[in-house]
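S.K.: could you work out the structure for the sequence below:
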Amino acid sequence: MFHHLRYLENLDRLDVWPSRRIVVDRINPFKALSEEEFLCRYSLNKECANNVIQQIQDALAHEVDSRGCPVPPFLQVLITLQYLGTGNHQLAISDYSDVSQSYVSKCVVRVSRAIGNICHKHIKLPSHSEVNRIMEDFQLIAGMPSVIGCIGCTHIAINRPPGDQFELFRNRTGYFSMKVQAVCGPQQQFYSFVSGWYGSVHDSLIFDKSYLRQELEKNLQPGYLLGDCEYPCRRYLHTPVLNPCTPQERRYNASHCRTHSTVKRAFGLLKRRFAFLEKRLQTDLNNTKMIIVAAAVLHNIAIKQNVPMPGETNDQICNESQEDHHDGPSQIAKKTLESEQKNDVGAKERDYIIRNYF
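M.R.: This next block holds a predicted model:
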């Protein structure tokens, strides 16, 4: 007892300074994780993720979080990839990355904006030198000639939006959503991607208001797009025959269905690689639109670099994509389409394809 008291008295005579807190460097996933572990956590492999970082790091400042710890650009990108790829709560991601939840929220928006700013480099219509190869690849699917892309829409579920116009976001199925329209190629890469429309808006209206239609109207692109019955048949957009009567028309419809499923598979791939798209998004509407576009850009980069899907098979992706969007055109849409297709130039060109190829 007296020995301990003497020891404490001696301590009082010493100038004891508290040791300085040393902040250990955050873990570097590029070094700490295997390729498979990295892919499962970030939905991209190391090479692809590094490619994304190189493209946008100049737009991302070296920051510190609320605790004064540095967060370099590469870690900001990985935080965003983990959010998009896993769909985990921001709090779980903040714990894994050793940052605050509020920082994760700001980081996702900032990095998504930087990725969205390079959209024009990765989502664009094929050049004239690429068109012939694309037509050949599409024709190999089911014999459909001269196809340069497949167009379709999908819904991204969101929380009930604020304001008086929230009902505009309620889609035909009954939940609130943001509608996305895309054109994809034979390898499920996106050539055009439009995000931010109300869930209740008809597919054909989105197309009519799009920059893509203006470009196609100029007749600068050879070939045509394939669209489902939600679209009117036009010179540059061919749809299925609504009431096939001949063997040729039925063969055409079967080929159209198999070829057009490419866009459904593309949406399926997008939602499986970036699992947050399968959940009800809770971000601000403007941020939601931007994050969805960022996911599409990353999707195209992954397709170009042949990045495998983490833990998924092609059969799973195909089966899930079949339930992606439509329950068939409405009766009003059917009547409108039938009246348009009787005299439309597109219907005549479609008939030419049917007579000569099917």
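S.K.: CA atoms for contacts and neighbours, from now on please.
M.R.: OK.
S.K.: which helices and strands sit right next to the host helix or strand of residue 269?
M.R.: Taking DSSP states H and E as the criterion, residue 269 maps to helix 247-273. If you count contacts as 3 or more C-alpha pairs under 8 Å, 6 or more residues apart in numbering; DSSP states H and E, helix 247-273 packs onto helix 128-142, strand 147-157, strand 177-184, helix 285-304, helix 314-321, helix 345-357.
S.K.: how many residues are close by residue 50?
M.R.: 15 (other C-alpha atoms under 10 Å).
S.K.: again, but for residue 121
M.R.: 9.
S.K.: that one belongs to a helix?
M.R.: Yes - counting by DSSP: H, G, I helix; E, B strand; the rest coil, residue 121 is part of a helix.
S.K.: relative to residue 43, how far out is it?
M.R.: From residue 121 across to residue 43, the span is 21 Å (C-alpha to C-alpha, to the nearest Å).
S.K.: same check, this time on residue 295
M.R.: For residue 295, the distance to residue 43 - C-alpha to C-alpha - is 11 Å.
S.K.: ditto for residue 234
M.R.: Distance, residue 234 to residue 43, by C-alpha to C-alpha: 38 Å.
S.K.: go on, residue 305?
M.R.: Residue 305 is 13 Å from residue 43, by C-alpha to C-alpha.
S.K.: what of residue 81?
M.R.: Counting by C-alpha to C-alpha, the gap from residue 81 to residue 43 is 7 Å.
S.K.: these two: which has the busier surroundings?
M.R.: Neighbour count, other C-alpha under 10 Å: between residue 81 and residue 43, residue 43 has more, with 29 against 23.
S.K.: can you tell me the closest non-neighbouring residue to the more buried one?
M.R.: residue 85 (5.3 Å; C-alpha to C-alpha, 6 or more residues apart in numbering).
S.K.: okay, which residue is most central for this protein?
M.R.: residue 296 (3.3 Å; C-alpha atoms, centre = their mean).
S.K.: just the pLDDT for it.
M.R.: Note for residue 296: predicted pLDDT of 95.
S.K.: which residues touch it?
M.R.: Residue 296 makes contacts with 190, 193, 270, as judged by C-alpha atoms under 8 Å, 6 or more residues apart in numbering.
S.K.: which of those residues ranks first by neighbour count?
M.R.: Among the contacts of residue 296, residue 190 has the most neighbours (other C-alpha under 10 Å), with 26 neighbours.
S.K.: pretty sure that one sits against residue 152.
M.R.: No - when contacts are counted by C-alpha atoms under 8 Å, residue 190 is not listed as touching residue 152 (11.1 Å).
S.K.: shared neighbours of the two, anything?
M.R.: In contact with both residue 190 and residue 152: 182, 183, using C-alpha under 8 Å, 6+ apart.
S.K.: does residue 200 count as helix, strand or coil?
M.R.: Following three-state DSSP, residue 200 is assigned to coil.
S.K.: leaving out sequence neighbours, find the closest residue to it.
M.R.: Residue 200 sits nearest to residue 171 (C-alpha to C-alpha, 6+ apart), 4.4 Å away.
S.K.: repeat for residue 78
M.R.: Excluding its sequence neighbours, the residue lying closest to residue 78 (C-alpha to C-alpha, 6+ apart) is residue 42, at 6.8 Å.
S.K.: for that neighbour, give its distance to residue 346.
M.R.: Counting by C-alpha to C-alpha - residue 42 and residue 346 are separated by 44 Å.
S.K.: tell me the contacts of residue 175?
M.R.: Here residue 175 is in contact with 157, 169 (C-alpha under 8 Å, 6+ apart).
S.K.: and the pLDDT at it?
M.R.: pLDDT, residue 175: 89.
S.K.: any idea how far it lies from residue 130?
M.R.: Counting by C-alpha to C-alpha, the gap from residue 175 to residue 130 is 40 Å.
S.K.: likewise residue 117?
M.R.: Distance of residue 117 to residue 130, computed by C-alpha to C-alpha: 24 Å.
S.K.: which one of those two has more residues nearby?
M.R.: Shown here are residue 117 and residue 130; by other C-alpha under 10 Å, residue 117 has more neighbours (16 against 11).
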